[in-house]
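Visitor: Generate coordinates for the sequence data below:
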Amino acid sequence: MDFAKSDIQTMLLDSAERLLADSSGVEYWRERRHDPLGFDEGRWAQFAELGWLALPLPEAAGGLDGTIEDVALLNIALGKSLATEPYVSSVVLASQILRQAADRGRADALMGEIASGTLRVALAHQEPGADPLSTEAVVTVARRTADGFVLTGAKLMAADAPSAAQLILSARIEDEDGVALFLVPADADGLTVDAYPLIDGTRAADIRLTNVALSADALLIGSNRGEAVLDEAIHRAGVALMAQAVGAMEACIRICGDYARERKQFGAAIGSFQAIQHILADMFVATHQARSMLYHAIANSNRPAAERAAALSAARIVIGEAGQLVSRSGIQVHGGYGLTDEYAVSHYFRRLMSLEKQYGDLVRHTERFGDSLFA
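Guide: Purely as a prediction, here's the structure:
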């Protein structure tokens, strides 16, 4: 990999540093927790003005056609500031699916709305009791009708669905093999969105579909391609979420280093105590290992599906374990009361815990990586 930053990457990081530094911190995060959507729509509009929402979108849709490296760098910055905006779900995941749609004109129009900040789209794929890493574990049914389709089923913990105007739903079309993807309005008749906050203040929803009638053009991806498209889109979302975790760890280390220099015990800064130095050193090493594994996942993003999945799981394992070590050690450096809401380190602890669970947790990724080794 080329580690030198391009002009667009330098510009992105400069704009991120300016905007996110002005709107972060404990009080800001508390306000967002009480917001019905979990984020500031005004700042989402600023993301659009800065071109962040257009970053991975194709030029035909008004995007910048940025690479996965560009997306990862921006998400490291978002992770440092604990941004709760639905960037990954709408801009990375949904747009990757839309750019594979058969109706290119309609897909470009939708992605143009995403780039302008006027449309948010969320994926609803995970189902109760299903393997979180499987793109084929779908029992939601789409029945063909004279006018289009009727969908029936249930989805579990669809990230950022409460703030989305459109949902991408996976379903099996009757009498067809494979998984198809449909674009469904969030307010469609027969569709129920049960929204709730996650531990880090972001939002998710469980979704029930009871005879949801759709027109024929609601079909985005046919049964012959749905699983492959889902797999690639979820991989890219996983890379972006890992980048946010790396950014959160790096911010956590900075906060703990500042605290260790300022906090005094027995007339000396606690950072001068060897025990604290050892904790900070372990945090530093773990975070750099996490960033290296993020690069490993990025470098393998265009490999065949099996190799790409193994690289992603390996990175998820290292980054997940590093996130636990860094966030828990950060609380220990603060003497335990860092877990309270008044301290920034507690917010990073909750965010890293939430990130580790999305799209398969440590246990499931360890199982998949082990299977890849012995395949």
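Visitor: Could you list the low-confidence segments of this protein?
Guide: Applying pLDDT under 70 to the chain flags residues 1-3.
Visitor: Pop the domain breakdown of it in here.
Guide: 7-119, 122-223, 227-373 (automatic domain parsing).
Visitor: Tabulate those domains (a markdown table), appending mean neighbour count.
Guide: Every C-beta, even on glycine, is put in place using the N, C-alpha and C of the backbone. Listed next are the domains of the chain as a markdown table, based on neighbours: other C-beta atoms under 10 Å:
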| stretch | mean neighbour count |
| --- | --- |
| domain 7-119 | 19 |
| domain 122-223 | 19 |
| domain 227-373 | 19 |
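Visitor: all helices of the stretch 151-300 of the chain, in order?
Guide: Assigned by DSSP state H, counting those that start in this stretch, the stretch 151-300 of the chain shows helices spanning 226-262, 274-299.
Visitor: Look at Ala16 and tell me its secondary structure.
Guide: helix (DSSP: H, G, I helix; E, B strand; the rest coil).
Visitor: Over to the nearest residue to it once chain neighbours are set aside. Which of the three states is it?
Guide: Among residues not flanking Ala16 along the chain, Ala77 sits closest, at 3.7 Å (C-beta to C-beta, 6 or more residues apart in numbering). Using three-state DSSP, the structure places Ala77 in helix.
Visitor: who are the neighbours in contact with Ala77?
Guide: Residues near Ala77 by C-beta atoms under 8 Å, 6 or more residues apart in numbering: Leu12, Leu13, Ala16, Glu17, Leu20, Gly247.
Visitor: residues in contact with the one helix or strand the fifth one maps to?
Guide: When elements are assigned from DSSP states H and E, Leu20 belongs to helix 7-22. With contact meaning C-beta under 8 Å, 6+ apart, helix 7-22 is reached by 5, 43, 46, 50, 52, 55, 64, 66, 69-70, 73-74, 77-78, 80-81, 83.
Visitor: Looking at these, which are in helices?
Guide: Those of the contacts of helix 7-22 mapping onto helices are Arg43, Gln46, Glu69, Asp70, Leu73, Leu74, Ala77, Leu78, Lys80, per DSSP state H.
Visitor: Can you get me a residue count around Asn224?
Guide: 12 (other C-beta atoms under 10 Å).
Visitor: The residue nearest to it when sequence neighbours are not counted and Gly201: what is the separation?
Guide: Of all residues beyond its chain neighbours, the one nearest Asn224 is Gly178 (5.8 Å), with distances taken as C-beta to C-beta, 6+ apart. Computed as C-beta to C-beta, to the nearest Å, the Gly178 to Gly201 distance reads 37 Å.
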